[in-house]
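**Q** Next input, structure requested:
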Amino acid sequence: MKAILLYFVMLYPNSYISVIGAGSWGTTIAALLAEKGYDVTLWAFEKEIVDSINTDFVNPVYLPDFKLSHNIRATSDPAEAVSEARYIINVVPTQHIRPIFSTLKQHIRDESVIISASKGIEIKTLLTPSMVLSEILDKPVSVISGPSFAGEVMAKKPTAVTLGTMDKKIGLLLQEIFNTDYFRVYTHDDITGVEIGGALKNVIAIASGICDGLQLGYDARAALITRGLSETARLGISMNAREQTFAGLSGLGDLVLTCTGPLSRNYTVGVRLGQGMKLSDITAQTKSIAEGVTTTLSAHELAYRHGVEMPITEQVYLALYKDKSPAEAVRDLMTRSLKSEFND
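**A** Prediction:
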């Protein structure tokens, strides 16, 4: 079976993979695939990134310390980016997926396979990235998610992720395309659960950062991560995801990484909030997008729509958008009415 899959992987010309979005994670995915021998087209909005990758093989904005493979070709032209692509990987920040792929749509071939590596929830529609892409392109979309810092994958440190897809054959094929001896890929068919876990962990990571910014200790952070997983699962289950998914790499795994790692943009936002900075000042100082800031708005609305109690998400929303002091938010979490742990 593996030999057959590898045969189909190599049936198409090397230039069949396109990565849309040249942030740190998009560039990392492009680098991983290029090092496996695939020619990869990397679409970027910024001309300086395109020019630097094509000339110096470096992404000067997001991964300046890593040399990229010569198998990567960067472009900002929509037709050049996707017209020949058999596999198209979305790594665009969630709130920008709709306008970018609405432009790309006319150049995408009917037989192209779409994979999303973005994490978030679109604000107005409350759709996950794969839902947005399916709506625009009118085709199924697979997703890849899990605990994976770009810098560690670029350094070839051991990483494991989940590939969510409803098509088993496509799943096995994509598993072979992405998998390396340092980047292990598991398949799963609960796409909603995989995406909700990937989106909500960024919200909980902001709360975790607030705890550390306030110097509340390890006990508080452990409790917050555990209860954050609980409310994430509640929301996911209300959207027909499976509870088991949230115990996996795209749930607990990604949550633990993002809530404890200083490389996490969302955790860093929380730390700075806990130290007394305002959100406007934090975002003004940051090049990369912390998806949890916008996902908090969407998650807050989803909780209301589905009638799901999400107290941590609620307090992060109040701290980010209603100027509630982080210390007061923590106090209100701790003084909620008492209840059973598993019947709330």
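
**Q** where along the stretch 201-344 of the chain do the helices fall?
**A** Here the stretch 201-344 of the chain has its helices, by DSSP state H, counting those that start in this stretch, at 218-238, 254-260, 265-274, 279-284, 291-306, 311-321, 326-334.

**Q** which outside residues touch the fourth one?
**A** Think helix 279-284. For helix 279-284, contacts defined as CB atoms under 8 Å, 6 or more residues apart in numbering pick out V269, R272, L273, A290, V293, L320. For the C-beta atoms, the positions are set from N, CA and C on the backbone; glycine is no exception.

**Q** before we move on, back to that, return the most buried member of the helices of the stretch 201-344 of the chain.
**A** The highest mean neighbour count among the helices of the stretch 201-344 of the chain, using mean count of other CB atoms under 10 Å, belongs to helix 265-274: a mean of 24.

**Q** which secondary structure elements does that one contact?
**A** Judged by 3 or more CB pairs under 8 Å, 6 or more residues apart in numbering; DSSP states H and E, helix 265-274 is in contact with helix 191-213, helix 254-260, helix 279-284, helix 291-306.

**Q** So what touches that helix?
**A** Helix 265-274 has contacts (CB under 8 Å, 6+ apart) with 202-203, 205-214, 258-262, 279, 282, 286, 288-293, 319-320, 326.

**Q** cutoff 6 Å now
**A** When contacts are defined by CB atoms under 6 Å, 6 or more residues apart in numbering, helix 265-274 is touched by residues 202, 205-206, 208-210, 212-214, 282, 288, 290, 292, 326.

**Q** Specify which member of those residues is nearest to E48.
**A** Among the contacts of helix 265-274, S288 lies closest to E48 (CB to CB), at 15.6 Å.

**Q** Spatially nearest residue to the closest one, not counting backbone neighbours?
**A** Using CB to CB, 6 or more residues apart in numbering and skipping the chain neighbours, the partner closest in space to S288 is R265 (5.4 Å).

**Q** Look up how far T226 lies from the one you found.
**A** Distance, R265 to T226, by CB to CB, to the nearest Å: 22 Å.

**Q** so after the least confident helix or strand in the chain by mean pLDDT, what's the next helix or strand?
**A** When the helices and strands of the chain are compared on mean pLDDT, DSSP states H and E, helix 2-9 comes out lowest with a mean of 51. Following helix 2-9 in sequence order, the next helix or strand is strand 17-20 (DSSP states H and E).

**Q** Would you give the sheet partners of that next one, along with the direction of each?
**A** The strands beside strand 17-20 in its sheet (DSSP bridges) come out as strand 40-43 (parallel), strand 87-90 (parallel).

**Q** most packed of these?
**A** strand 40-43 (a mean of 26).

**Q** Keeping just the C-alphas, turn the next helix or strand after that strand into CSV.
**A** Going down the chain from strand 40-43, the next helix or strand is helix 47-56, by DSSP H and E. Provided in CSV are the C-alpha atoms of helix 47-56 (Å, rounded to 0.1, in the frame of the first residue of the first chain):
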residue,chain,number,x,y,z
LYS,A,47,7.0,42.1,-2.1
GLU,A,48,10.1,42.2,0.2
ILE,A,49,9.4,38.6,1.2
VAL,A,50,8.9,37.4,-2.3
ASP,A,51,12.1,39.1,-3.5
SER,A,52,14.2,37.9,-0.6
ILE,A,53,13.1,34.3,-0.9
ASN,A,54,13.7,34.2,-4.6
THR,A,55,17.1,35.9,-4.3
ASP,A,56,18.6,35.0,-0.9
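
**Q** residues making contact with the helix or strand following helix 47-56?
**A** Downstream of helix 47-56, the next assigned helix or strand under DSSP H and E is strand 72-75. With CB under 6 Å, 6+ apart as the test, strand 72-75 has contacts from A30, A34, V40, T41, L42, W43, A44, V50, I53, N54, A81.

**Q** Is there a neighbour count for the residue lying closest to G274 once chain neighbours are set aside? I'd like the number.
**A** Nearest non-adjacent residue to G274, counting by CB to CB, 6+ apart: G213, 2.0 Å away. G213 has 20 neighbouring residues, counting by other CB atoms under 10 Å.

**Q** Contacts only, for G213.
**A** V271, G274, Q275.

**Q** Centre-most residue in the chain?
**A** The centre of the chain sits closest to K119, judged by CA atoms, centre = their mean, with a distance of 2.9 Å.
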